[in-house]
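> Please find the sequence and the predicted model below.
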Amino acid sequence: MNLIIGSHVSYTKDEGLLGSVKEALSYNENTFMFYTGAPQNTFRTEINKEKVKEAKELMENKNINIKNVIIHAPYIINLANDNEEKYNFAINFLKQELKRATELGIDKIVLHPGSHVGIGEEKGLENIAKALNVVLNEKEGPIICLETMAGKGTELGKTFEEIKYIIDNVKNNNRLMVCLDTCHLNDAGYDITNFDNLLDEFDKIIGIEKIGCIHINDSKNEKGSHKDRHENIGIGTIGFDSLIKIIYHDKLKEVSKILETPYISMDGGKDRTYPPYKFEIEMIRNKKYNENLLEDIRKNYK
Ligand code: FE
Ligand code: FE
Ligand code: ZN
């Protein structure tokens with residue numbers, strides 16, 4: 001079976017999409033996800049058409065289907081906001097991101113629904129739906145995948161019902177899908193180790209055909225902790241076997257699986273860290289847990 005798997009990769013100002021493709025290939029991935037600029041600010045460089053062309057040629061040669069590639073919207077966008085200035089800013093910026101996605105030829109953008117920052121869940125959800133109606137005012141265009149959140153602080157989208165509310169209240173919701181994040185689901189209180197049940201529940205509330213992307217992460221915390229701290233595959237509270245079941249699930253074959261697990265440091269320090277993805281993906285492809293995962297990564301980058 002052809003597993004569609006990748007990770008978060010960088011997008012640099014010089015290389016742009018071409019650099020992202022090269023990085024994904026270096027980890028043996030056949031898809032990837034990236035921010036089109038720094039996630040914590042809205043400074044964006046112009047898209048280099050030559051590099052995009054090169055990137056697309058490389059993808060074609062290496063059997064990466066661009067339909068499976070994902071953009072992640074910057075996390076500073078908060079559509080639940082009540083502050084008019086910030087709200088309008090978020091809407092305009094997201095519109096720009098959709099335009100950039102179109103220019104790059106990418107169909108899907110993952111978005112954190114937003115945090116209500118004190119105005120209450122109901123009002124926050126209302127604001128999100130209202131904003132998405134402005135952003136998605138046209139019937140056609142890239143799809144926004146609403147990410148399931150851990151419920152840290154005042155985050156919305158921590159239950160399937162909240163996501164469903166948003167989808168139901170956006171007119172062009174043919175352009176809305178969902179990104180399941182395994183760490184977030186666990187931290188939000190869902191039992192991810194019983195994935196068939198969870199998928200049934202999702203199907204009843206939202207519909208399985210709406211799953212547009214899956215973030216594959218282990219979690220540092222217990223179910224229901226509302227913490228949102230990702231852990232490397234197999235090392236956290238979800239565990240290798242449960243994640244493998246999700247990754248190879250029959251009903252999710254066509255969905256991109258993206259790793260967002262933490263980089264590894266040599267000595268526990270924070271000064272320099274290294275990507276774990278090549279090693280985690282090897283483990284996933286082999287369906288066999290590597291007890292020496294962290295040591296192998298450290299050895300490789302030494
Ligand atoms: Fe995310
Ligand atoms: Fe995620
Ligand atoms: Zn997260």
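Perfect, I can see it now. Ligands and ions are numbered 1, 2, ... in the order given.
> Which parts of this structure are helices?
Taking DSSP state H, the helices of the chain run over residues 16-26, 49-61, 84-104, 121-135, 160-168, 182-188, 195-205, 240-247, 277-286, 293-301.
> which one of those helices is the most hemmed in?
Across the helices of the chain, the average number of neighbours (mean count of other Cβ atoms under 10 Å) peaks for helix 182-188, which reaches a mean of 27. (Glycine included, C-beta is placed from N, CA and C.)
> nearest residue to the residue in the stretch 51-200 of the chain positioned nearest to ligand 2 other than its sequence neighbours?
The nearest approach of the stretch 51-200 of the chain to ligand 2 comes at residue 181, 3.7 Å away (Cβ to the ion). Distance criterion Cβ to Cβ, 6 or more residues apart in numbering; nearest residue to residue 181, sequence neighbours excluded, is residue 215 at 3.9 Å.
> Tell me what the one you found is bridged to.
Note on residue 215: beta-bridge partners by DSSP bridges are residue 181, residue 258.
> follow-up on the earlier one: among the helices of the chain, which is nearest residue 267?
Residue 267 sits nearest to helix 293-301 of all the helices of the chain, at 8.8 Å, using Cβ to Cβ.
> so where's the protein uncertain?
In the predicted model of the chain, residues 1, 268, 270 satisfy pLDDT under 70.
> How about the residues of it by ligand 2?
Applying Cβ under 5 Å from the ion, one finds that the chain approaches ligand 2 through 181, 215.
> List the residues that contact the closest residue to residue 265 other than its chain neighbours.
Closest residue to residue 265 apart from its sequence neighbours, by Cβ to Cβ, 6+ apart: residue 273 at 4.8 Å. By Cβ atoms under 8 Å, 6 or more residues apart in numbering, the residues touching residue 273 are 262, 263, 264, 265.
> By neighbours, which of those wins?
Counting neighbours by other Cβ atoms under 10 Å, the top entry in these is residue 264, with 20 neighbours.
> Quick check: beta-bridge partners of that residue?
Residue 264 forms beta bridges with residue 274, as assigned by DSSP bridges.
> Other residues contacting stretch 289-300?
232-235, 240-241, 264, 266, 274, 276, 278-280, 282-283.
> Next: stretch 10-18.
So stretch 10-18 is in contact with 19-20, 22-23, 34-37, 45, 47-48, 51-52, 54-55, 58, 104, going by Cβ under 8 Å, 6+ apart.
> and if you look at stretch 232-249?
Contacts to stretch 232-249, defined as Cβ under 8 Å, 6+ apart, come from residues 1, 3, 5, 182-183, 186, 192-193, 195, 199, 214, 216-223, 230-231, 252, 257, 259, 261-262, 264, 276, 280, 283-284, 287, 289-290, 293-294.
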